[in-house]
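*Asks:* need coordinates for the below:
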Amino acid sequence: MTQVAKSAAGYAFVEANDAAYGAGGWRIWFLPTGVGAPIKVDAGTSPGAGGPPTIALDGDRIAWAGFDEPAREPLSFLKVAAIASLSEVRTVITEPIEDGLLWTPVLDRSTLWYAVIHADFAHTGRGDEFHIESVDLDTPDLKSVRFAGTGNDFEPAISPAWVVWKTTKAGIAALSWGALHIRNRESGSETTIPVDRARSASVGDRFVTFQEISRQRLLLYDTATSELLDLTGSLPKGTKTVSLESVAGNLLVCAVSIDDAPPRIATAILP
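*Replies:* Model (predicted):
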């Protein structure tokens with residue numbers, strides 16, 4: 001498994017398995033709560049893309065973005081399916097990779113957010129252009145709306161109150177470490193979270209967390225006080241690294257490596 005998403009409805013996960021499915025072969029699976037066997041939702045191969053799809057899940061839908069590489073033309077896609085009818089997959093976008101690379105879907109009630117990379121395949125020296133878009137799944141035309149970020153915007157994280165996203169400097173790849181920004185969806189006020197080189201933000205009821213490049217600190221941003229909090233001292237004794245930080249509601253989860261043992265999951269309930 002390369003990615004797992006959880007909601008009250010169950011688990012969605014991505015399986016990448018060259019041995020079983022051929023080079024670059026992937027599958028999207030959904031395991032409903034209380035059911036013993038997962039349901040296959042989608043399948044494809046993307047040996048040239050360098051990675052399998054990214055996924056999102058809420059109580060009603062599963063969404064995924066990625067690449068499929070049939071012989072005629074490599075494609076990038078964004079798809080969604082209702083959990084109640086997983087066999088009825090809805091293709092939101094499908095296009096040649098030259099027209100855009102689709103990443104990191106986020107479900108926000110009826111709105112689906114995602115990131116787009118326009119890669120500089122011609123090596124002009126301009127570098128890649130990337131930004132964030134959204135689409136209202138309740139509209140028949142599925143017209144995309146570009147998020148007015150700050151330029152080179154990537155990795156959206158959404159809550160009812162906040163939009164958090166990452167930017168990188170010109171010429172730096174979208175998947176690299178960057179700066180994190182947060183915008184109040186009601187007031188439109190915006191600030192930059194004061195941390196160098198972060199990525200993969202997630203936002204809960206009150207706090208934002210993210211991966212930090214040193215893997216030595218556990219950091220949270222408090223949206224109520226606009227303060228950066230360092231919780232490193234609360235990690236288990238002997239912790240050498242911390243990674244995969246994530247928050248949902250008031251639950252904080254991360255992976256910690258203690259002494260020379262393999263990483264294990266640590267959790268905390270936030271205020």
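
*Asks:* and the pLDDT at residue 141?
*Replies:* At residue 141, the pLDDT value in this model is 88.

*Asks:* over to residue 224?
*Replies:* Listed pLDDT for residue 224 reads 96.

*Asks:* now do it against residue 108, distance only.
*Replies:* 21 Å (C-beta to C-beta, to the nearest Å). Glycine gets a C-beta too; all of them are placed from N, C-alpha and C.

*Asks:* okay, the two: which has more neighbours?
*Replies:* Between residue 224 and residue 108, counting by other C-beta atoms under 10 Å, residue 108 is the more crowded of the two (17 against 9).

*Asks:* wait, the more buried one touches residue 161, no?
*Replies:* No - using C-beta atoms under 8 Å, residue 108 is not in contact with residue 161, being 11.4 Å away.

*Asks:* can you show me the helices along the protein?
*Replies:* 18-21 (DSSP state H).

*Asks:* which helix or strand in it has the lowest average pLDDT?
*Replies:* Counting by mean pLDDT, DSSP states H and E, the chain has its least confident helix or strand at helix 18-21, which shows a mean of 85.

*Asks:* would you put the C-alpha positions of that one in CSV?
*Replies:* The C-alpha trace of helix 18-21 is given here as CSV (Å, rounded to 0.1, in the frame of the first residue of the first chain):
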residue,chain,number,x,y,z
ASP,A,18,4.7,-4.7,-10.1
ALA,A,19,4.9,-8.5,-9.5
ALA,A,20,1.1,-8.9,-9.6
TYR,A,21,0.0,-6.2,-12.1
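
*Asks:* could you pull up the residues touching residue 98?
*Replies:* 119, 121 (C-beta atoms under 8 Å, 6 or more residues apart in numbering).

*Asks:* and it, how far is that from residue 117?
*Replies:* Distance, residue 98 to residue 117, by C-beta to C-beta: 11 Å.
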